[in-house]
Structures are given as C-alpha cells and as structure tokens.
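Asker: Build me a model:
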Amino acid sequence: MREVRCSRNQAFTLLEVVISVALMAIILGSAYACFDAGIRGKKMIEPRVEIFQNARVAMALMTADLRDACPLSKEFDFLGMHQTISEMDADNLDFATHNYTPIKDREADFCETSYYVEQDPTNGLFTLFRRRNPIIAPDPLSGGSREEIATGLLGARFEYFDGFDWYDTWGDLNGKKQTSNKDQPNMSGMPEAVRITLYFDPDPQAKIPSGQTRTNLPMTFQTVARLMLAQSSQQSSGSSSADSSSQSSPGTSTGGITQ
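Answerer: Sure thing, here's the model as predicted:
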C-alpha cells in the first residue's frame, strides 16, 4: 500500500492579522495609560508627602514650645498679633519657653521665642521662621538666631483661648495696659491654649501665569497646643495684684472703719 500524505499551506489570514494588530494596540495603549497614570500620580504625591512632613515638623516644634511657654518679660507676658501679607494670613507669636537645653555659657532653660512668616522676594514663596534667643535681652522681641521651619505656605493663623472664648490676638505691643481683665481678657496674662492653622500650597511646583489666581484649595493642617504653665502664671499675677491692692489701703480695717 502506498502512503498518501496531504500537505496543507499553513498561514495567517488577513482577518487574523487585523484582529491581532488590534488586540496588540489595545494592550499597548492600556499599558501606556497605566504607566502614564503612575508617573502623574508619583509627581502629584511626592510634593504632598513633603508637605505632610513639613507640616508635621512645624506643628511638633510649635506645640512643644507652647506647652512649656512662660511669661516673656515684665512688659509682655505673651504676644500674638494678627497680620497679613499680600492678603494672606501671616500671624506671628512672641513668648518665652522652657523648652530649651542650654549649650553655652550664660544660658538657661529660658528662651525667648518668636514664630513669624516672611515672603522670599526672589521666588515669592512664604516661609515660617522661628527666632530663639536663650539670653535675656533688653528687647525681648529681637536678637538671637532664626531658623526656617517650613516653606511653601499659603497662610499661618493663630487663635487664643482664655478658657471661655477664642481671640484673634493676644497681648499689646505697647505693654501691659491698666485695664480690667474682665473687660479685655486677651490683653494680659497668657492664654490657656493656642489653635495653630497652617495652609500649604498643594502643588508648589506649578507655575501660575501672571494675572491668574490659584484654583486649587490649600492643604490645611490644624492643632491645638495647651499651655501647661498658663494657670500658674495667672495665679501668680492674680496674687500679686491682690497683694498690691491690700498694701495700697493699710488704714482700712474690717467694717470700713478708718483708724
């Protein structure tokens, strides 16, 4: 018997080639879309991670300093001024704190501290600074050295709590006033707590054309720092005022009879 072999020409038809190319294009397009989304997500997340880190460090430093805050000087117990720079909240704080480790001669754990915001004229970025002066100076609002705490801010706001209400300011730059604490409780002494609110640019690398405004909402971080030494400071000031009032009328006895 003779073996019969059937030979068939094996090849792709035009329809199969078209389907394969279409599937390949879909797969490559999906892969590129996923890759592009990953790159854009990385570019968006990386600056925000840095913002979270800057906000965490700034909040931790301010909270630690405020927790051990104490009266700044005889003229100023605690100063919190509301200011604006280019319609942006740029409040500043001036107080003293025991949150300091002396490293040089003539230093103790008492340190004059200030927090304030400045704008860099070269790039227009707002930066939060901290001033520290561990040496008691004639002017408690100047001197010492400063360090950069956080950059890329869109605002810094501080609010002050006296146990009943919140205030936008605290203290007076002209010194202690001869007014009643019941009428103006935020003019002297120290607040019981400070509410810190920082606003950061969510996309600091984005360039905004001139004449246009920012459309993205700022990233907001907020915390409340309690002043552990505020009550003792108020009690000492209250006792001193009571002593002075009792010494001012030595000729008055019980019953209002003057000897």
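Asker: what does the average pLDDT come to for stretch 84-96?
Answerer: Stretch 84-96 shows a mean pLDDT of 90.
Asker: Got phi/psi on Ser86?
Answerer: Here is the backbone geometry of Ser86 (degrees, to the nearest 10): phi 50, psi 50.
Asker: tell me, how many neighbours does it end up with?
Answerer: A count of nearby residues for Ser86, using other CB atoms under 10 Å, gives 8. For the C-beta atoms, the positions are set from N, CA and C on the backbone; glycine is no exception.
Asker: And it, how close does it get to Ser30?
Answerer: Separation of Ser86 from Ser30 (CB to CB, to the nearest Å) stands at 46 Å.
Asker: Equivalent analysis for Pro202, please.
Answerer: Separation of Pro202 from Ser30 (CB to CB) stands at 29 Å.
Asker: Neighbour count for the two, which is higher?
Answerer: More neighbours surround Pro202 than the other of Pro202 and Ser30, with 17 against 10 (other CB under 10 Å).
Asker: pretty sure that one belongs to a helix, no?
Answerer: No: the assignment for Pro202 is coil, going by DSSP: H, G, I helix; E, B strand; the rest coil, so no helix is present there.
Asker: OK, contacts around it?
Answerer: Contact partners of Pro202, counting by CB atoms under 8 Å, 6 or more residues apart in numbering, are Pro47, Arg48, Ile51, Asn216, Leu217, Pro218, Met219.
Asker: All the helices of the protein, residue numbers only.
Answerer: Using DSSP state H, the helices found in the chain span residues 14-67, 230-248.
Asker: Where among these is average confidence lowest?
Answerer: If you rank the helices of the chain by mean pLDDT, helix 230-248 sits at the bottom with a mean of 50.
Asker: In this structure, which strand is the longest?
Answerer: Using DSSP state E, we find that the single longest strand of the chain is strand 145-161.
Asker: So what angle separates the directions of that strand and helix 14-67?
Answerer: Between the axis of strand 145-161 and that of helix 14-67 there is an angle of 80 degrees, by axes from the mean of the first three to the mean of the last three CA atoms, to 10 degrees.
Asker: on contacts alone, who are the packing partners of strand 145-161?
Answerer: Contacting strand 145-161 under the criterion 3 or more CB pairs under 8 Å, 6 or more residues apart in numbering; DSSP states H and E are the following elements: helix 14-67, strand 88-89, strand 111-119, strand 126-133, strand 166-167, strand 193-200.
Asker: So what are the sheet partners of the second one and their directions?
Answerer: It stands for strand 88-89. Strand pairing for strand 88-89, determined by DSSP bridges: strand 84-85 (antiparallel).
Asker: What are the contacting residues of the strand it pairs with?
Answerer: Counting by CB under 8 Å, 6+ apart, Ala90, Val117, Glu118, Gln119, Phe126 sit against strand 84-85.
Asker: which of these lies closest to Gly144?
Answerer: Using CB to CB, Glu118 is the member of the contacts of strand 84-85 that lies nearest Gly144, at 15.8 Å.
Asker: wait, what's in contact with that closest one?
Answerer: The contact partners of Glu118, taken as CB under 8 Å, 6+ apart, are Ile85, Phe126, Thr127, Phe129.
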